[in-house]
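**Student:** can't give you the sequence, but here's the structure:
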């Protein structure tokens, strides 16, 4: 591994999205970046689909073999509030990252300007405000597939930082063993997981992955309530059935030995700050490097049909 800076100061943002409103969502994101920047952080991490929110509990009128027009109208609202990359919104967010002089990781709903397909994506900005990576979720989970498409390019992007390689898998992508290995093979030191997953089993998962990959696991979840949904959606009866707190959060950071650096935060908005000792990453790999001396590449190999599309973030 290359020489690393000893410490990465991180701000992990657990916050409520502005549901179905990309303009207000971008404004809130910029405000939170500025707040975190006051602490002179190196890395600022946001949850899955922070812009324009995770439409938990909504069916969009889908049943097997049919749709309805009210659901189609609600989907169009979400479509209109998804973000094109690059575009006006990414310019604003990139400027905020530059002013903060920090890396920024942000989960968002991406709209492909050519096809109209939506993707559950995560974007990385550099401290210079440039887009340095976009990862689309490989396989939307369950009924997510009626909203977002499968990733079709730009698989497993890695950002080369002064603290080691940084990458992301979104929510249940982390339950895909070979997807994890794809990041491990790229030497990921900071494994970012934007997600909407507040169950207790998930906490066991993230500790296992940190230990398995001997990397820092950044568990970026969000907190939101059912009264945050727009009141003019057509699916009010679906939303009314939701619990008052739709997602409890649970954001936290786990070190390369599987131990909490910060304990999970529940049922509130909070920016979680921590200093990551990056020397723990190579030290933890002394006796087990999952894709190095412990890998048995003569017996086991992973083949990735990786689309190396250098122009992905410049379209």
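**Tutor:** Sure, I can see it. Bear in mind the structure is a predicted one, so any value in this text is a computation, not a measurement.

**Student:** Where does pLDDT dip in the protein?
**Tutor:** Within the chain, the set of residues satisfying pLDDT under 70 comprises 1-3, 306-315.

**Student:** Find the residue at the geometric middle of it.
**Tutor:** Centroid check for the chain by Cα atoms, centre = their mean gives residue 194 as the closest residue, at 2.7 Å.

**Student:** Now do the same contact list for that one.
**Tutor:** For residue 194, the contact set (Cβ atoms under 8 Å, 6 or more residues apart in numbering) comprises 45-50, 105-107, 122, 168, 170-171, 220. Quick note: C-beta positions are derived from backbone N, CA and C, even for glycine.

**Student:** Let's have those in a markdown table, adding secondary structure, distance to residue 287 and neighbour count.
**Tutor:** Formatted as a markdown table, these follow (DSSP: H, G, I helix; E, B strand; the rest coil; distance: Cβ to Cβ, whole Å; neighbours: other Cβ atoms under 10 Å):
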| residue | secondary structure | distance to residue 287 | neighbour count |
| --- | --- | --- | --- |
| 45 | strand | 29 | 30 |
| 46 | coil | 34 | 28 |
| 47 | coil | 34 | 33 |
| 48 | coil | 33 | 27 |
| 49 | coil | 38 | 32 |
| 50 | coil | 38 | 26 |
| 105 | strand | 30 | 28 |
| 106 | strand | 36 | 27 |
| 107 | strand | 34 | 30 |
| 122 | strand | 31 | 31 |
| 168 | strand | 27 | 31 |
| 170 | coil | 30 | 28 |
| 171 | helix | 30 | 24 |
| 220 | strand | 29 | 29 |
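
**Student:** which of those residues lies closest to residue 295?
**Tutor:** Closest to residue 295 out of the contacts of residue 194 is residue 168 (22.4 Å), distances taken as Cβ to Cβ.

**Student:** Across the sheet, point out what pairs with that closest one.
**Tutor:** Taking DSSP bridges as the rule, residue 168 bridges to residue 192.

**Student:** Now do the contacts for it.
**Tutor:** If a contact means Cβ under 8 Å, 6+ apart, then residue 168 has 105, 122, 124, 135, 191, 192, 193, 194 as its contacts.
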